[in-house]
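Asks: Predicted coordinates and the sequence they were generated for:
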Amino acid sequence: MSARPRSPRGTGGRLRTEIITATRELLERTGNVDAVSIRAVAGRVGVSAPSIYRHFADKDALIEAAVAEVFEALNTAMQAAVDPDDPPALRLRRLGLAYIRFALDHPEQYRLATIPTHTSGAVDLVLTSGAFRYFAATIEEAMADGLVDSGDPTPLVLELWAAAHGIASLLVAKPYLPWGDPMAVAERVLDAACAGHVLTELIGPEATPAEMTQWLTELRNQVRGTGSAPD
């Protein structure tokens with residue numbers, strides 16, 4: 001490693017950006033947090049390890065900064081995908097699809113944003129990122145419209161994220177499976193997750209699996225014209 005010239009006064013922000021970029025690139029290339037070290041990042045940027053510590057307290061803080069940067073890119077993509085004048089139910093669907101499209105278009109960045117970590121800080125960044133705050137606010141609007149029961153939006157955010165993350169991760173990791181049109185598959189998965197949540201609320205949280213099955217069977221028969229509506 002050749003020594004990097006001393007940065008002029010006032011260029012610390014630029015060096016910080018270079019450090020985060022190098023960290024993100026190492027994470028993308030290795031896919032493993034353990035493979036990223038302060039020494040490796042310093043070597044990639046061309047500075048000494050103490051120079052890294054002037055900007056980040058430790059490796060965990062550096063990883064969190066890299067993850068936060070990717071989530072901001074995701075936030076931009078999700079907000080660009082919706083019209084704020086659309087009803088919240090439609091915006092929720094489009095936000096979920098934008099999330100999956102981001103994963104398919106930027107698989108390495110997506111892998112970075114969801115890479116396993118050994119600290120809780122990265123999880124906290126997920127819940128406080130612009131993308132998830134906007135998603136939670138849209139769910140609150142859906143609650144106000146009566147689409148879903150009112151309450152804390154966080155559990156529903158996590159449930160719908162689990163559905164979107166699950167299909168996005170599979171589409172990225174196993175593209176050779178017979179998916180057909182990946183976004184058509186994504187639409188069906190998200191629609192099933194949203195409809196399933198609404199139906200579960202209608203059936204009631206105390207319903208047993210047998211009661212839920214009977215309720216859904218009766219509803220299906222009623223919609224198909226082969227039976228009566230469920231009680």
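Replies: Everything's here; your move. Numbers count the residues shown, from 1 in each chain.
Asks: Now the element after the lowest-mean-pLDDT helix or strand in the chain, going C-ward?
Replies: Lowest by mean pLDDT, DSSP states H and E among the helices and strands of the chain is helix 121-128, with a mean of 59. Going down the chain from helix 121-128, the next helix or strand is helix 130-144, by DSSP states H and E.
Asks: buried stuff in that following helix?
Replies: Within helix 130-144, the residues that qualify as buried are 131-132, 134-135, 138-140, 142-143, counting by 16 or more other C-beta atoms under 10 Å. Quick note: C-beta positions are derived from backbone N, CA and C, even for glycine.
Asks: Need the residues you listed in a markdown table (columns: distance to Ser169).
Replies: Shown next, in a markdown table, are these (distance: C-beta to C-beta, whole Å):
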| residue | distance to Ser169 |
| --- | --- |
| Ala131 | 17 |
| Phe132 | 17 |
| Tyr134 | 22 |
| Phe135 | 18 |
| Thr138 | 23 |
| Ile139 | 22 |
| Glu140 | 27 |
| Ala142 | 25 |
| Met143 | 28 |
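Asks: Output the residues you listed as CSV; include the columns pLDDT.
Replies: Shown next, in CSV, are those (pLDDT from 0 to 100):
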residue, pLDDT
Ala131, 79
Phe132, 82
Tyr134, 86
Phe135, 88
Thr138, 92
Ile139, 93
Glu140, 94
Ala142, 92
Met143, 93
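Asks: Pull out the buried residues from stretch 157-174.
Replies: Neighbour count says stretch 157-174 has 157, 160-161, 163-165, 167-169, 171-172 buried, by 16+ other C-beta under 10 Å.
Asks: typo on my end, it should be stretch 33-42
Replies: 33, 36, 38, 41-42.
Asks: same thing with stretch 199-219?
Replies: Neighbour-count burial for stretch 199-219, counted by 16+ other C-beta under 10 Å, picks out 203, 215, 218-219.
Asks: taking those one by one, which sit in strands?
Replies: Assignment to strands by DSSP state E places none of those there.
Asks: Of all pairs in the residues you listed, which one is the farthest apart?
Replies: For these, the maximum inter-member distance is 10.9 Å, found between Ile203 and Glu218 (C-beta to C-beta).
Asks: Secondary structure element for Tyr110, which one?
Replies: helix 107-113.
Asks: how does the chain divide into domains?
Replies: 1-56, 64-223 (automatic domain parsing).
Asks: Those: lowest mean pLDDT?
Replies: Across the domains of the chain, domain 1-56 has the smallest mean pLDDT, namely a mean of 79.
Asks: check contacts around Val82.
Replies: By C-beta atoms under 8 Å, 6 or more residues apart in numbering, the residues touching Val82 are 91, 94-95, 98.
Asks: No further questions, thank you.
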